[in-house]
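S.K.: Whatever this is, show me its structure:
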Amino acid sequence: MPMNIAIDGPVGAGKSSIADQVAQRLHILHLDTGAMYRACALHMLKKNISLEDEERVAEELPNIAMSVRFSDGEQKMFLSGEDVSALIREHHMSKAASDISKLPCVREKMVSLQRELAGRQSCVLDGRDICLHVLPEARYKFFLTASASERARRRCAELAQRGKKVNFETVLADINDRDYNDMHRALSPLAQAPDAVLVDSTALTLEQVLDYMLSFIEEQADVL
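M.R.: Predicted coordinates:
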């Protein structure tokens, strides 16, 4: 039976980075669910379809040729054969992914694909509703968070490394908006699952968070 590890948390908490490292250490795959929503949003934007027009989005969903490919443990996102892994990480795609993820038709399609992939192989999944909705039976569950200001600082630093200059206050405002939208959406709002382990990374390094999670997984594995 595949071993699934679910990591939820708000935007900018470092879920993808931690999930990458956990997957590498355990020699399993990392399925970045957020990248799937970003790719879906990118497809709609390329088609000039408003992300708030649920009817048009639903009509276009069957036309999305999205594929998830793994190479040396790294996930790559493709749309119609094009590697869009870098494009979906542009700053504006964060808001786009949040907007489109509110649509029930989109979430239904993405969740179905995520469950299918997780049912075939051991993997780490990160997102907003993995523990409560996508994989409620996952063996290990974590809720990774950090203060909004710390998440904004990290995001600015990440973009600066890519040569992109952004205003801290603008990024912070975007994060606060994302948090509100994610926690108040009608469908599968962001929340900590009762059985998920809370990890506040505000004052922790990535390595410290990684060591804590792996130690917990190892301890639980000894009990099971």
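S.K.: and the helix or strand of the chain with the lowest mean pLDDT, which residues are buried?
M.R.: Using mean pLDDT, DSSP states H and E, strand 66-71 stands out as the lowest-scoring helix or strand of the chain, at a mean of 79. Under the neighbour-count criterion of 16 or more other C-beta atoms under 10 Å, strand 66-71 has Met66, Val68 buried. C-betas here are computed from N, CA, C, even on glycine.
S.K.: chain center to it: distance?
M.R.: 15 Å (C-alpha atoms, centre = their mean, to the nearest Å).
S.K.: Partner strands of that strand and their direction?
M.R.: Using DSSP bridges, the strands paired with strand 66-71 are strand 74-79 (antiparallel).
S.K.: How about exporting the strand it pairs with as CSV, limited to the C-alpha atoms?
M.R.: C-alpha atoms of strand 74-79 as CSV (Å, rounded to 0.1, in the frame of the first residue of the first chain):
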residue,chain,number,x,y,z
GLU,A,74,11.5,16.6,-9.5
GLN,A,75,8.0,17.4,-10.7
LYS,A,76,7.6,19.1,-14.1
MET,A,77,4.3,20.6,-15.3
PHE,A,78,3.4,20.5,-19.0
LEU,A,79,0.6,22.1,-20.9
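S.K.: Quick check: what element follows it along the chain?
M.R.: With elements assigned by DSSP states H and E, the helix or strand that comes after strand 74-79 is strand 82-83.
S.K.: List of residues touching that next one?
M.R.: Applying C-beta atoms under 8 Å, 6 or more residues apart in numbering, the contact partners of strand 82-83 are Lys76, Met77.
S.K.: for the record, mean pLDDT for it?
M.R.: For strand 82-83, mean pLDDT is 94.
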